[in-house]
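**Student:** Return atomic coordinates for the entry below.
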Amino acid sequence: MQVDSYAYLPPNQDHYFKCDASASLVAFERRYAYLENHVTEQIVGSTDKQPLLETPGEVFELRKLLPTSLPYDFNIHIMDFQPGEFLNVKEVHYNQHGLLLLEGQGIYRLGDSWYPVQAGDAIWMAPFVPQWYAALGKTRTRYLLYKDVNRSPL
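**Tutor:** Here you go, the predicted structure:
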């Protein structure tokens with residue numbers, strides 16, 4: 001795998017990782033929420049080869065790394081903000097999610113609290129917590145966002 005590569009491994013698939021050089025690895029490990037007659041498949045890809053998706057009313061760039069189809073119970077997004085860009089609305093989601101700031105710095109609002117964040121910081125967001133982000137500094141901000149999808153939250 002190269003820089004900015006990723007892999008999705010289906011539930012119960014044996015695997016191992018071997019690296020002959022210095023590298024960073026981010027792993028999301030969770031219990032899969034099965035749906036009858038739906039099967040996930042192994043995916044290996046490159047972040048920058050994923051298409052930019054439309055974000056009506058927003059300025060950030062968005063890429064989804066997994067299919068949005070029913071077999072997949074979560075998704076991983078890569079979001080890029082140029083310096084000074086921000087979410088145009090305060091968001092509220094029914095799903096829990098979290099992010100890892102990969103590059104840059106900014107300010108994140110959760111509820112009524114404000115948090116300065118920089119590359120390497122991680123945030124977990126509970127369901128229904130209002131949130132907002134603005135990129136600060138002189139370089140692009142990139143974060144990896146995990147989000148539950150395709151399953152009832154109840």
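
**Student:** can you tell me which residues contact Gly45?
**Tutor:** When contacts are counted by CB atoms under 8 Å, 6 or more residues apart in numbering, Gly45 touches Ser5, Tyr6, Ala7, Leu65. Heads up, the C-betas are built off the backbone N, CA and C, glycines and all.

**Student:** Apologies, that question was intended for Pro153.
**Tutor:** Tyr94, Asn95, Pro127.

**Student:** Leaving out chain neighbours, which residue sits closest to Asp48?
**Tutor:** Excluding its sequence neighbours, the residue lying closest to Asp48 (CB to CB, 6 or more residues apart in numbering) is Asp4, at 5.8 Å.

**Student:** what helix or strand is Trp132 on?
**Tutor:** For Trp132, the element it lies in under DSSP states H and E is strand 131-136.

**Student:** Could you list the residues in contact with that strand?
**Tutor:** 81-87, 89-93, 104-110, 125, 141.

**Student:** next one: stretch 28-39
**Tutor:** With CB under 8 Å, 6+ apart as the test, stretch 28-39 has contacts from Pro10, Pro11, Thr40, Leu70, Pro71, Asp73, Phe74, Ile76, Tyr146, Asn150, Arg151.

**Student:** any idea how far Gln96 lies from Ile123?
**Tutor:** According to CB to CB, to the nearest Å, Gln96 and Ile123 sit 11 Å apart.

**Student:** still on that earlier bit, if you rank the contacts of Pro153 by neighbours, which is first?
**Tutor:** Scoring the contacts of Pro153 on neighbours with other CB atoms under 10 Å, the highest-scoring entry is Asn95 at 16 neighbours.

**Student:** in terms of contact, does it touch Val149 like I think?
**Tutor:** Yes - using CB atoms under 8 Å as the test, Asn95 is close enough to Val149 to be in contact (6.9 Å).

**Student:** Now render the contacts of Gly45 as CSV, adding neighbour count, secondary structure and pLDDT.
**Tutor:** Shown next, in CSV, are the contacts of Gly45 (neighbours: other CB atoms under 10 Å; DSSP: H, G, I helix; E, B strand; the rest coil; pLDDT from 0 to 100):
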residue, neighbour count, secondary structure, pLDDT
Ser5, 12, strand, 90
Tyr6, 17, strand, 92
Ala7, 13, strand, 93
Leu65, 18, coil, 96
